[in-house]
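Q: sequence-free structure coming up:
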């Protein structure tokens, strides 16, 4: 039976992700047997079973058997609903990672707020080290996957890019210890990315400038959006990239929070561009 | 002037090195290339729509990563002193005054911007030095700030030409002036002797 004696009411529930998935499926099909992919985050449900996992939340109860079959009961806005289905065997790690990372994020914040400076720095350093390893794994696997796809089609470098990059390079040559020049690798990466975008959207145009730390900034104005890419020298070859993205409305709405993202492949960048069209 | 400015420095009370604030007024020293007209074609000496920070400025925010090196206004006393205590001060001419409360009130980012107290021991000593950074991100945090202060985007190649556009531009200038004020040619230079 259960190893947990913690009363349900005293737990901090964070079941929004699971509820969203479950409700979506309830509303869209009503028949979960032919559908895969509902995996409750294990840390947000109290496991009270052995051969089967029985999980409780404020909104409902769910029992998952070793065969990956599950039965659930959930309180929705439309009332009480029953559901049953099969958890796809591959879906667990695909869904659970978000909750795991949230824990990591909380651990960093907790350490910063509650531990002594030295101990917090050490703790966060350990986490950061692990995250870097995960990041390297993600980079390597993404690169392998990207190489299996057709490379993004590219067109000739537009004149607006060449002229602006030349202008930015001229400005970068100021003999000043505080001024950095644009990295040739960052310029090459930016040029390829522009070529790939223009192969699909020949009329696109952007402002190009030198960014910080040898990066190249490409500022697109897309309908009512600004999309800025600050392109760094990537560690891996094309179509891998390293670009910091900021997007916001034009004009920026009062109180609007800019959306930020780090892009790692040209495919991602093109998708982000097209999402803002 | 340097000696006078160093004597006048009043280090922030009760603030340890590394402590942070999310409000206050801070001065950032600027070179000529760091400042550009917000509207091209505006009067360079007394621009109606003011100045903004150039890409050159943000490029120079280089190896400091995602931080903006500033001096606290109250501590340093004046624009001229902020420049006087700067290394290679002869290269700096202008000042950007940043109101950190206003930056945070604009809610441009999910995380707030803070000023971290980081006085320097190198000569000239600077007891007023802070670094502004986003609390939860480095590169993208500063990139968001750059985008905010870059308004209007895309760049206006000419001045607004009707009353509605003029008013919009003045409103935008006013709202950005609440966050950042740029003051030009604030450092008194000695006139080189001739003959």
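A: In hand now; what should we look at? Quick caveat: nothing in here was measured; it's all calculated off a predicted structure.
Q: tell me which strands and helices the lowest-mean-pLDDT helix or strand in chain B is in contact with?
A: Least confident helix or strand of chain B, by mean pLDDT, DSSP states H and E, is helix B:55-60 with a mean of 83. Here helix B:55-60 touches helix A:159-172, strand A:206-210, going by 3 or more C-beta pairs under 8 Å, 6 or more residues apart in numbering or on different chains; DSSP states H and E. All C-beta atoms are positioned from the backbone trio N, CA, C, and that covers glycine.
Q: Comparing these, which comes out most buried?
A: By mean neighbour count, with neighbours taken as mean count of other C-beta atoms under 10 Å in any protein chain shown, strand A:206-210 ranks first of these at a mean of 24.
Q: Can you give the contact residues for the strand or helix carrying residue A:199?
A: Taking DSSP states H and E as the definition, one finds residue A:199 inside helix A:184-200. With contact meaning C-beta atoms under 8 Å, 6 or more residues apart in numbering or on different chains, helix A:184-200 is reached by A:152-158, A:161, A:165, A:169, A:204, A:206, A:208, A:214-216, A:218, A:229, A:231-234, A:238-239, A:241-243, A:266, A:269-270, A:273-274.
Q: give me the residue from the stretch 101-250 of chain A nearest chain B.
A: Going by C-beta to the nearest C-beta, chain B is nearest to residue A:209 of the stretch 101-250 of chain A, at 3.9 Å.
Q: That residue touches residue A:164, doesn't it?
A: Yes. Assessed by C-beta atoms under 8 Å, residue A:209 is found in contact with residue A:164 at 7.3 Å.
Q: pull the helix or strand with minimum mean pLDDT from chain A.
A: Least confident element among the helices and strands of chain A, by mean pLDDT, DSSP H and E: strand A:46-47 (a mean of 46).
Q: Sketch out the strands for chain A, chain order is fine.
A: Here chain A has its strands, by DSSP state E, at A:46-47, A:52-56, A:60-65, A:69-76, A:79-86, A:206-210, A:216-222, A:225-232, A:240-249, A:259-265.
Q: Now tell me which of these the model trusts least on average.
A: Among the strands of chain A, strand A:46-47 has the lowest mean pLDDT, at a mean of 46.
Q: what comes up buried for the biggest helix by length in chain A?
A: What stands out as the longest helix in chain A, according to DSSP state H, is helix A:117-148. For helix A:117-148, burial by neighbour count (16 or more other C-beta atoms under 10 Å in any protein chain shown) applies to A:120, A:123, A:124, A:139, A:142, A:143, A:146.
Q: Show the model's pLDDT score for residue 144.
A: Chain wasn't specified; assuming chain A. pLDDT at residue A:144 comes out at 93.
Q: wrong one, chain B
A: For residue B:144, pLDDT reads 92.
Q: and the direction of the helix or strand containing it versus that of strand A:259-265, what angle?
A: If you go by DSSP H and E, residue B:144 is part of helix B:139-149. Computed by axes from the mean of the first three to the mean of the last three C-alpha atoms, to 10 degrees, the angle separating helix B:139-149 from strand A:259-265 equals 130 degrees.
Q: Remind me what helix B:139-149 packs against, helices and strands.
A: Looks like helix B:139-149 contacts strand A:225-232, strand A:240-249, strand A:259-265, strand B:51-53, strand B:67-72, strand B:129-134, helix B:163-179 (3+ C-beta pairs under 8 Å, 6+ apart).
Q: Kindly recompute the last result at 6 Å.
A: Helices and strands touching helix B:139-149, by 3 or more C-beta pairs under 6 Å, 6 or more residues apart in numbering or on different chains; DSSP states H and E, are strand A:240-249.
Q: returning to that earlier point: what would the strands of chain A look like in CSV with distance to residue B:18?
A: What follows is the strands of chain A, written out as CSV (distance: least, C-beta to C-beta, whole Å):
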stretch, distance to residue B:18
strand A:46-47, 41
strand A:52-56, 44
strand A:60-65, 47
strand A:69-76, 48
strand A:79-86, 52
strand A:206-210, 31
strand A:216-222, 31
strand A:225-232, 28
strand A:240-249, 26
strand A:259-265, 26
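Q: Could you tell me which residues make contact with the residue of the stretch 101-250 of chain A closest to chain B?
A: Residue A:209 makes contact with A:168, A:217, B:55 under the criterion C-beta atoms under 6 Å, 6 or more residues apart in numbering or on different chains.
Q: between those, which is nearest residue A:247?
A: Closest to residue A:247 out of the contacts of residue A:209 is residue A:217 (13.6 Å), distances taken as C-beta to C-beta.
Q: what about the residue sitting nearest the centre point of chain B, which SS state?
A: By C-alpha atoms, centre = their mean, chain B has its centre lying nearest to residue B:96, at 2.9 Å. Secondary structure for residue B:96, judged by DSSP: H, G, I helix; E, B strand; the rest coil, is strand.
Q: on that earlier part again, list buried members of the contacts of helix A:184-200 by neighbour count.
A: Neighbour-count burial (16+ other C-beta under 10 Å) applied to these gives A:152, A:154, A:158, A:161, A:165, A:204, A:206, A:208, A:214-216, A:218, A:229, A:231-234, A:238-239, A:241-243, A:266, A:269-270, A:273.
Q: Map the structural domains onto the sequence of chain A.
A: Following automatic domain parsing, chain A resolves into domains at A:8-92, A:95-148, A:159-275.
Q: sorry, back to before: so how far is residue B:144 from the residue nearest to the centre of chain B?
A: Distance of residue B:96 to residue B:144, computed by C-beta to C-beta, to the nearest Å: 17 Å.
Q: Flag the shaky bits of the chain, pLDDT-wise.
A: I went with chain A, as the question did not name one. A:1-59, A:64-70, A:76-78, A:81, A:84-96, A:172-180 (pLDDT under 70).
Q: The intended chain is chain B.
A: When residues are selected by pLDDT under 70, those of chain B lie in B:61-66, B:189-195.
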